[in-house]
Structures are given as structure tokens and as C-alpha cells.
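Enquirer: give me the fold of what follows.
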Amino acid sequence: MASPKAPDALDARILELLLEQPRTSVREYARILGVARGTLQARLDRLERDGVIRDEGPRLSFAALGHPVLAFVHIEVTQGHLVDVGDALAEIPEIIEAFSVTGGGDLLTRVVARDNGHLEDVIQRLIRLPGVVRTRTDVALRERVPYRARPLVESLRRSADRAG
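Expert: Numbering: from 1, shown residues only. I've put the predicted structure just below:
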């Protein structure tokens, strides 16, 4: 299978616009960009097919949902149990992301909790999972750089403009 095509300048402009105005119609995006609606739709379809655009819905504030504590829990797993532990993590609602990693553990999870006691309860649940050897938890104190994609997309557009 061929690797996805690198975004060109128009792709980058489309992505910037999606990030800037996420609730605008395809027709309006096409008008703003000065391209035909069919062209824009074809580009959007390809970007989705290539996995560049992921339809995950709105970004939620877990703090506003009553879970202001954010922690990163590193999990060391017994050899041969990574898939089973990963599947078990998916059943714990407070785990909002989990990644296989190198370094000081096998998995890195992002966990939200109502308070420190709730976080401890979640960690105890993790420790009891079959295949979990140990955990190490880092509690986030303050968000310094919020989730963002725009600076990277702008950089891609500038590179594409120079190459184009």
C-alpha cells in the first residue's frame, strides 16, 4: 500500500481553515478558499481517507465535566500481556488516552479524575489488572501548551508554498 500523499499548500490552507472555523459548511469553506465545492470535497475526502482528518467530535474540557485532576500513568506490563492490558484500559472511563511507549514503562496513559482520592482509586484499579507489574504516576500541575495543531499546519503550508 502506498503511503499517504504529503499535504500540499491547498491541503494546508484547508486544514488551517478547519481549525480556525470548525463549524462552517463545505460550501462556505470553498468560497473562502476560492475553489470549487467539488474540489474541496474531494480534498476533504482524501484527507479523511489518509487519516489526516480524524472525526473525533468536539474537544471537551474534562475539568468542566468535574474531572479537574490530570495525571500521566506509566504502566509496566508483564511480557506477552500488552494487548490484554490495553484492552482492559479501554474499559476504564477515566483513561482518556493510552499509548505503547519505549522507556520507563510499556504503556503511557492520560487519566482524569474528580480529585486526588478518585485518582488513587483509578490507579488501584490499574494495579489490580492482570499483567500489570507496576505503575508510576505524574500529576499535571498546569497546562503550559494546550492541544494545538495550527502551528504545525501553518509550518506545513509555508513549506509547501516554498516548494510549490
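Enquirer: any weak-confidence spans in the chain?
Expert: 1-5, 56 (pLDDT under 70).
Enquirer: domain assignment for it?
Expert: With domains defined by automatic domain parsing, the chain comprises 9-57, 69-139.
Enquirer: starting at the chain centroid, how far to the longest one?
Expert: Average the C-alpha atoms of domain 69-139, do the same for its chain, and the two points are 17 Å apart (Cα atoms, centre = their mean, to the nearest Å).
Enquirer: also the shortest one?
Expert: Between the centre of domain 9-57 and the centre of its host chain there is 19 Å, according to Cα atoms, centre = their mean.
Enquirer: three-state assignment of the most centrally placed residue in the chain?
Expert: Closest to where the C-alpha atoms of the chain average out (Cα atoms, centre = their mean) is residue 97, at 7.8 Å. The assignment at residue 97 comes out as strand when based on DSSP: H, G, I helix; E, B strand; the rest coil.
Enquirer: nearest to residue 155, of the domains of the chain?
Expert: domain 9-57 (8.8 Å; Cβ to Cβ). Where you see a C-beta, it was placed from the backbone N, CA and C, and this is true even at glycine.
Enquirer: now do the end-to-end distance for the closest one.
Expert: Chord length of domain 9-57, first to last residue, is 25 Å (Cα to Cα, to the nearest Å).
Enquirer: how close does the residue nearest to the centre of the chain get to residue 127?
Expert: Counting by Cβ to Cβ, to the nearest Å, the gap from residue 97 to residue 127 is 19 Å.
Enquirer: ok, residue 33 next?
Expert: Taken as Cβ to Cβ, the span from residue 33 to residue 127 is 51 Å.
Enquirer: now residue 115
Expert: Taken as Cβ to Cβ, the span from residue 115 to residue 127 is 19 Å.
Enquirer: and for residue 157?
Expert: Applying Cβ to Cβ, the value for residue 157 to residue 127 is 46 Å.
Enquirer: which of the two has more neighbours?
Expert: Under the criterion of other Cβ atoms under 10 Å, the comparison of residue 157 against residue 127 puts residue 157 first, with 21 against 12.
Enquirer: show me the strands in this structure, by range?
Expert: Here the chain has its strands, by DSSP state E, at 69-77, 95-100, 107-113, 132-139.
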